[in-house]
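Colleague: Could you look at this predicted model? Sequence included:
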Amino acid sequence: MREPRRIIVAITGASGCVYGTRLLQHLRAAGGIETHLVLSAAGAISAHHELGLKRPEVEALADHAYAPADVGAAIASGSFPCAGMVVAPCSARSLAGIALGLSDTLVARAGDVCLKERRRVVLLVRETPLNLAHIRNMEAVTLMGGIVMPPVPAFYTRPESIEAIVDATLARVLDLLSIDAADGLAPRWQGLGAPR
């Protein structure tokens, strides 16, 4: 029997924890994927404030969950095989920790490990407006092979709900992870066609 693909998901303290929770739901529904979650302390606060979810409820969406300070966890090692990591949402602090290789939290360490092992790292950075430190940290992550993907909504699909806006972004994330679960989450661009 084939081993499931492993994906690390981190939910940090920026607004938009719905991106991380719905990503976990979509990964579970896709089948054949084992999820490893790090919910930061600030991420847990956001999840409770924005979605009314307590830490155990968010952690139950993943196959495995780790304490945010557990830098000795399995996902903190390059010997832990995984297909990549998504930080959704990614706070400016988590972006900085990953960009600078600080490894002072499990989110930063797991991100650092995935970058050094040349694995896919997708950061849904949630900060605006941006200062120069944010821009330089985004540049650093990009130069190391990571993908900085602020969850900017597309309106050409004419979304009718927040869920549709979130899923359109997550469809792109799933595409970046080469997971065949994006179809059906959001319409794909078919070209403009003739004007009406």
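Modeller: Cool, got the structure. Residues are numbered from 1 along each chain as shown.
Colleague: Show the contacting residues for the closest residue to residue 150 other than its chain neighbours.
Modeller: Leaving out its chain neighbours, the residue that sits closest to residue 150 by C-beta to C-beta, 6 or more residues apart in numbering is residue 125, at 5.1 Å. Placement of C-beta: from N, CA and C, glycine included. Contacts of residue 125 were listed using C-beta atoms under 8 Å, 6 or more residues apart in numbering, and they are 14, 89-90, 92, 95, 134, 138, 148-150.
Colleague: can you rerun that using 6 Å?
Modeller: Under the criterion of C-beta atoms under 6 Å, 6 or more residues apart in numbering, the contact list for residue 125 reads 90, 95, 148, 150.
Colleague: mind checking the backbone torsions on it?
Modeller: Dihedral angles phi and psi of residue 125 (degrees, to the nearest 10) take the values phi -70, psi 130.
Colleague: now the one 3 residues further on
Modeller: Comment: the main-chain dihedrals of residue 128 come out as phi -160, psi 140, following degrees, to the nearest 10.
Colleague: burial measure for it, as a count.
Modeller: Residue 128 is surrounded by 8 other residues when neighbours are defined as other C-beta atoms under 10 Å.
Colleague: how close does it get to residue 92?
Modeller: Residue 128 is 10 Å from residue 92, where distance means C-beta to C-beta, to the nearest Å.
Colleague: same question, residue 152
Modeller: Plainly put, residue 152 is 16 Å away from residue 92 if you go by C-beta to C-beta.
Colleague: out of those two, which sits in the more crowded spot?
Modeller: For residue 152 versus residue 92, the count of surrounding residues by other C-beta under 10 Å is larger for residue 92: 19 against 9.
Colleague: Give me the phi and psi for the more buried one.
Modeller: phi -60, psi -30.
Colleague: in which helix or strand would I find residue 10?
Modeller: When elements are assigned from DSSP states H and E, residue 10 belongs to strand 5-11.
Colleague: Return the set of buried residues in that strand.
Modeller: Judged by neighbour count using 16 or more other C-beta atoms under 10 Å, the buried positions of strand 5-11 are 5-11.
Colleague: Residue 145: neighbour count?
Modeller: Counted with other C-beta under 10 Å, the burial measure for residue 145 works out to 13 neighbours.
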